[in-house]
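Student: the following comprises the amino acid sequence and a computationally predicted model.
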Amino acid sequence: MINGAHAIIYSLEAEADRKFLADVLGFRFVDAGGGWLIFGLPPSEVAVHPQEAGKPGHELYLLCDDIDATVADLETKGVTVEERLYDEPWGRLAFIRLPGGGKLGIYQPRHPRAPDWSSSKH
């Protein structure tokens, strides 16, 4: 039976991005051996979006309750937040830069949230 999900962020500077997840975002982690850190994530959800052409892919977004407060907090920690905030029907979205050069979306959803895995029947 499925009991979780594992997301991967590919990075040109993995150590810097691991430090960012631990020190800046405050994600708890375990060392799976040899400094290979596995981070715990808050409750999550997955959606499937249609794609008409090209190679299917995956994206990772972090969710928050208040995008303005989250962006302000991240900026006080020295995080680079792209200037444009997107205001979409489904939520308000910002992008942050990871030390390794990657980009990570953060959004405040307007859509209903899926029930927490532990509270739903599967």
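Tutor: It's in. Numbering: from 1, shown residues only.

Student: next, the buried residues of the helix ranked longest in the chain.
Tutor: Selection of the longest helix in the chain by residue count, based on DSSP state H, yields helix 67-76. Across helix 67-76, burial judged by 16 or more other Cβ atoms under 10 Å covers Ile67, Thr70, Val71, Leu74. C-betas here are computed from N, CA, C, even on glycine.

Student: in CSV: those, plus pLDDT and distance to Asp31.
Tutor: Formatted as CSV, the buried residues of helix 67-76 follow (pLDDT from 0 to 100; distance: Cβ to Cβ, whole Å):
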residue, pLDDT, distance to Asp31
Ile67, 96, 32
Thr70, 96, 28
Val71, 96, 31
Leu74, 96, 25
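
Student: so who does the spatially most central residue of the chain touch?
Tutor: Among the residues of the chain, the one closest to the centroid is Leu62, at 3.1 Å (Cα atoms, centre = their mean). Leu62 makes contacts with Leu25, Pro42, Leu104, Gly105, Ile106, Tyr107, as judged by Cβ atoms under 8 Å, 6 or more residues apart in numbering.

Student: understood, closing this out.
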